[in-house]
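S.K.: Generate coordinates for the sequence data below:
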Amino acid sequence: MKALVTGSGGFLGRHVVHALLGHGHAVRAVLRPASGDPPPEWKGRAEIVRADLRAPASEELFDGVDVLVHLAATMSGSAEAAFAGTVVSTEKLCETMLRTGSTRRVVLASSFSVYDWTAPKRALTEETPIEPKPYDRDGYAVMKIWQERVVRRLAAEQGWTLTVLRPGFIYGPAWPEVGGAGISLKKLFLVVSPFSSLPLTHVENCAQAFAVAAEKGLAGTFNIIDDESITAWRYAGKFLSHSGAIRIPVPYWLGLGVAYSAQCVSRILFPPSGGKLPAFLVPQRYRARFRPLEFPNRRAKETLGWSSKPFFDSARALT
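M.R.: Predicted coordinates:
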C-alpha cells in the first residue's frame with residue numbers, strides 16, 4: 001500500500017509517517033515549502049514532496065497512491081489564513097484527487113471540536129450531533145466542521161471510501177500541554193473538573209489509529225481515545241511538575257457559572273458585540289474544553305481493530 005500523507009511535518013504527522021513505515025507501507029510525505037528538514041530516519045524510506053496545498057496540486061502527487069491520509073491544517077495566523085490553509089487547501093487537494101481518478105480512499109483527521117458539547121447526557125460518542133452554531137465557538141471548530149463537510153460531500157458524490165478519525169486531546173513528547181487540563185494563570189493553574197477523566201490519546205497511539213485505518217479501508221467515523229484513564233488533576237500534576245505552578249481545583253459548574261456571568265456583564269458593557277472575552281469565559285468554548293463526560297472508544301477498537309498502549313507513566317509520556 002502507498003499512502004500520501006499531508007501535514008507530515010506536524011506533531012501528529014511525523015508519527016503517522018513513522019507508523020505507516022513501521023507497518024511496511026510506502027509513504028509519500030507532503031511537507032510545506034518553508035518547513036524544516038524531515039526526520040533523518042525517513043531518509044531512503046519515505047518519499048518527500050514539498051508543496052503548498054493552498055495552490056492547485058499537481059496530479060503527479062497522486063501517482064501510485066492507494067490512500068490519502070489528510071492531516072494538514074493551519075493552526076496559526078489570522079482566521080482567514082487558517083481557513084484557507086485548512087478548508088480551501090482541502091478542497092483543492094480533493095479536486096486534484098478527483099481529476100486523477102486513481103485514488104479512491106481518504107482517511108481524514110478531524111477533531112472532538114466538531115461536536116455539540118451540549119448534546120450528550122452522559123457520554124460523547126460518534127453519534128453525538130455536530131455543533132449547530134460553530135461560529136459561537138472558535139476558529140478551529142469552524143475549520144474542522146467545514147473541512148469535514150467538504151470531504152464528506154465529495155466522497156458521497158464520487159463513491160470514495162472515507163474514514164474520519166476524531167482524536168481527543170493529543171499529547172506526547174514536545175507537546176505536553178492539553179487545553180482540557182486547565183487554565184494557566186502564571187504561577188497558578190486552575191484544574192477544571194479535576195477528578196474527571198480527560199479524552200486523551202498519546203501521539204503514538206493516535207498515529208497507529210491512522211495507520212490501521214489506512215490499511216483497513218473501512219468507511220465510518222471513529223473517536224480515538226486511549227483506554228488509559230487520566231484525570232485532569234493527575235495530568236496537570238505531571239505537566240506542571242517542573243514549573244512550580246500551584247494547582248487549584250475548580251468544579252466544572254462553578255467555572256461555567258463564572259463564564260455565563262462574565263458574558264452577561266460583557267454584553268451589558270459593550271453592546272451590541274458583547275466585547276471580546278478570553279476563551280475560557282465564553283460558555284460555549286468553556287463547555288467544549290472542560291465538560292466532564294464519558295468518552296468510549298469501543299467503535300475504533302471493535303471495527304478497526306485498533307488498540308492503545310499505556311504511556312502516561314512511561315518515559316515517553318511527555319518528554
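
S.K.: Now do the contacts for Ser307.
M.R.: Shown in contact with Ser307 (C-beta atoms under 8 Å, 6 or more residues apart in numbering): 227, 301. Yep, even glycine has a C-beta here, placed from its N, CA and C like the rest.

S.K.: same thing but 10 Å
M.R.: 205, 208-209, 212, 226-227, 297, 300-301 (C-beta atoms under 10 Å, 6 or more residues apart in numbering).

S.K.: State the pLDDT value of it.
M.R.: You'll see Ser307 listed with a pLDDT of 97.

S.K.: Determine the three-state secondary structure at it.
M.R.: Assigned state for Ser307: coil (three-state reduction, DSSP: H, G, I helix; E, B strand; the rest coil).

S.K.: what's the distance between the residue nearest the centre of the chain and Ile224?
M.R.: Nearest to the mean C-alpha position of the chain, by C-alpha atoms, centre = their mean, lies Ser111 at 4.1 Å. According to C-beta to C-beta, to the nearest Å, Ser111 stands 10 Å off from Ile224.

S.K.: what is in contact with these two at once?
M.R.: With C-beta under 10 Å, 6+ apart, Ser111 and Ile224 have common neighbours 165-168, 170.

S.K.: Could you pull out the buried residues of the helix or strand of the chain with the lowest mean pLDDT?
M.R.: Sorting the helices and strands of the chain by mean pLDDT, DSSP states H and E puts helix 79-83 at the bottom, at a mean of 81. Counting neighbours by 16 or more other C-beta atoms under 10 Å, one finds that the buried residues in helix 79-83 are 82-83.

S.K.: and if you look at stretch 173-189?
M.R.: For stretch 173-189, the neighbour count (16+ other C-beta under 10 Å) marks 178, 180-183, 189 as buried.

S.K.: So His23 versus Ala213, what's the distance?
M.R.: 12 Å.

S.K.: ignore the last one, Leu71
M.R.: 12 Å.

S.K.: can you give me the helices in the protein?
M.R.: In the chain, the segments counted as helices under DSSP state H are 11-22, 79-83, 89-100, 139-158, 203-216, 232-239, 252-269, 283-290, 298-299.

S.K.: quick one on the thing from earlier: could you give the number of residues near the residue nearest to the residue nearest to the centre of the chain when sequence neighbours are not counted?
M.R.: Nearest residue to Ser111, sequence neighbours excluded (C-beta to C-beta, 6 or more residues apart in numbering): Lys144, at 4.7 Å. Residues near Lys144, counting by other C-beta atoms under 10 Å, number 24.
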